[in-house]
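Asker: kindly generate the corresponding structure for this input.
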Amino acid sequence: MGHLIRYAVWQLAVAAAILLIPAVAFADNVRADEPVARVRVAFDAERIVDTQALGWADRARGRKISADDPVRIASISKLVTAIGVMRLVEQGKLDLDADVSKLLGWHLRHPRWPNEPISLRLLLSHQSSLTDAAGYYQIPLDGSLQDITDDPRAWDDAHKPGTFFRYANLNFPLVASLMERASGERFDKLMQRLVLQPLAIDSCFNWESCSVATASRAVVLYDADGTAVRDDNQGSKPDCSVNRSSKGDCDLGQWWPGRNGALFSPQGGLRISANGLARIGHLLLGKGVVDGKRVLSTASVRELIGPAWNYSGTNGISFEEDDSGQGRKGFFCRYGLAVQTLATRRPGCRDDPFGDGIERFGHAGSAYGMLAGLWLDARSGRGVAYFATGVPDAPAGRHSAFTEVEEYLSGGNAPPQ
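Answerer: A predicted model of the protein is given here:
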């Protein structure tokens, strides 16, 4: 009965956060099969209204989790990258609908449809016909992203670009390469200038542009048996924050604009706290304005949200095929430019972890035993950011294609029996 009582207290706390009422804190005593850490922050367009945190940022060193600790937030990184894209679009440096080949510096074409141009819009909305079958993150520091796209396995052989949704991480190293080519700046530094610094977020892609103090607060990620698998920084910064070169060194002087957009993991390598995610939420709920300062135009926010793709039952794959994803069929039903919309009312869609039928937009994250979400309700002007670590095999959700853990953290499930 004890675990039921603890879950009941947690569920009451989560429900209170949704209503913007100060919530009961998570209990300190945690079952062995619960997440190592879980954090949930509720907010509106201007402020954080409730914070809950339970567990360990670093279990081996006895460091408790807080809402200010940076975690590798996985695919929510894509949404933040897309904000940077839209800033460059507003500056006239990128075009959502132009053929990307000229700017990339190589011919990006589907082998079966060589006359069909690939646009930035298709990359951002996962309608480019690219897949992850040839890889996307293993490229060495001195390697070239073109080696991946030249591999026929990188392409969906059955669908012409622009006709089919297939979630693929590979799209975003290409997006980062385009950003570098357009600006001449290294992706991680560019994202600092365009997004993270204007929003006053202490965050970075792949640790290189974070301080030692920030990296020392890293949330360690764990596999099923409790082994640290990512970001066990041990109070410092990693010696090398990117894939080493083919010679084994980590000299970032080898970087060249646009050659290897995978280097700083634009698809999943953002280290950001739950409070930092709330700042992203403030921007989007504020239609591009944060703290009275306009960072994005209202039109750019609308462009991000879209959706650019709506599931018809036959025009896409409704779940992530990469092993890092824990979502099931019906997880993706509406998608913009790196922004997912929830609670789609059509057969086959199970994209409502909240279980209340309310349309929300944002993005989910799943990798290295970590599950996360950033979800915003435009009508109420409220949002939630959450993550849980140490759940690489989370049970399926009860009423959605999300996991049980995500349904708990969203506030949309009852305690297990």
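
Asker: can you pull out the helices in this structure?
Answerer: 2-18, 76-90, 101-104, 120-124, 146-149, 171-183, 187-191, 212-215, 274-285, 298-305, 404-410 (DSSP state H).

Asker: if we go by neighbour counts, what in stretch 127-135 is buried?
Answerer: Across stretch 127-135, burial judged by 16 or more other CB atoms under 10 Å covers Gln127, Ser128, Ser129, Leu130, Thr131, Asp132, Ala133, Ala134. All C-beta atoms are positioned from the backbone trio N, CA, C, and that covers glycine.

Asker: flag the shaky bits of the stretch 301-417 of the chain, pLDDT-wise.
Answerer: Applying pLDDT under 70 to the stretch 301-417 of the chain flags residues 412-417.

Asker: recalculate using a threshold of 80.
Answerer: 322-325, 412-417 (pLDDT under 80).

Asker: so where do the strands sit in it?
Answerer: For the stretch 301-417 of the chain, the strands defined by DSSP state E, counting those that start in this stretch occupy 309-310, 334-335, 340-341, 361-367, 370-377, 382-389.

Asker: can I get these in a markdown table with distance to Ser300 and mean neighbour count?
Answerer: Converted to a markdown table, those look like this (distance: least, CB to CB, whole Å; neighbours: other CB atoms under 10 Å):
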| stretch | distance to Ser300 | mean neighbour count |
| --- | --- | --- |
| strand 309-310 | 18 | 18 |
| strand 334-335 | 17 | 24 |
| strand 340-341 | 17 | 24 |
| strand 361-367 | 14 | 25 |
| strand 370-377 | 15 | 26 |
| strand 382-389 | 18 | 27 |
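
Asker: make JSON lines out of the helices of the chain and add mean neighbour count.
Answerer: What follows is the helices of the chain, written out as JSON lines (neighbours: other CB atoms under 10 Å):
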{"stretch": "helix 2-18", "mean neighbour count": "16"}
{"stretch": "helix 76-90", "mean neighbour count": "24"}
{"stretch": "helix 101-104", "mean neighbour count": "16"}
{"stretch": "helix 120-124", "mean neighbour count": "24"}
{"stretch": "helix 146-149", "mean neighbour count": "20"}
{"stretch": "helix 171-183", "mean neighbour count": "25"}
{"stretch": "helix 187-191", "mean neighbour count": "24"}
{"stretch": "helix 212-215", "mean neighbour count": "16"}
{"stretch": "helix 274-285", "mean neighbour count": "25"}
{"stretch": "helix 298-305", "mean neighbour count": "18"}
{"stretch": "helix 404-410", "mean neighbour count": "24"}
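
Asker: re earlier: and the buried residues of stretch 127-135, which two are the farthest apart?
Answerer: Pairwise distances across these peak at 18.3 Å for Gln127 and Ala134 (criterion: CB to CB).

Asker: between the helices of the chain, which one is nearest to Thr51?
Answerer: When the helices of the chain are compared by CB to CB, helix 274-285 sits nearest Thr51, at 7.7 Å.

Asker: so which of the helices of the chain gets nearest Leu199?
Answerer: Of all the helices of the chain, helix 274-285 comes closest under CB to CB, at 4.8 Å.

Asker: quick one: average confidence on the closest one?
Answerer: The average pLDDT within helix 274-285 is 98.

Asker: Arg166 is in contact with Asp132, isn't it?
Answerer: No: if you go by CB atoms under 8 Å, Arg166 and Asp132 don't touch, sitting 9.3 Å apart.

Asker: and for these two, which residues touch both?
Answerer: By CB atoms under 8 Å, 6 or more residues apart in numbering, Arg166 and Asp132 have these common neighbours: Glu321.

Asker: which strand runs longest in this protein?
Answerer: Across the chain, the longest stretch assigned as strand under DSSP state E is strand 48-58.

Asker: partners of that one in the sheet?
Answerer: Within its sheet, and counting by DSSP bridges, strand 48-58 is paired with strand 37-44 (antiparallel), strand 63-64 (antiparallel).

Asker: okay, these in TSV with mean neighbour count, mean pLDDT and distance to Arg244 next?
Answerer: As requested, these are exported to TSV (neighbours: other CB atoms under 10 Å; pLDDT from 0 to 100; distance: least, CB to CB, whole Å):
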stretch	mean neighbour count	mean pLDDT	distance to Arg244
strand 37-44	26	97	29
strand 63-64	16	98	28
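
Asker: for Leu283, find the nearest of those.
Answerer: Counting by CB to CB, Leu283 lies closest to strand 37-44 out of the strands paired with strand 48-58; the figure is 11.4 Å.

Asker: what sits up against that closest one?
Answerer: By CB under 8 Å, 6+ apart, strand 37-44 touches 14, 17-18, 20, 26, 48-57, 65-67, 69, 219, 274-275, 277-278, 281-282, 285, 381-390, 405, 409.

Asker: ignoring the adjacent residues along the chain, who's closest to the residue most central in space within the chain?
Answerer: Closest residue to the average C-alpha location of the chain: Ile76 at 1.3 Å, with CA atoms, centre = their mean. Leaving aside its sequence neighbours, Ile76 sits nearest to Gly365 (CB to CB, 6 or more residues apart in numbering; 4.4 Å).
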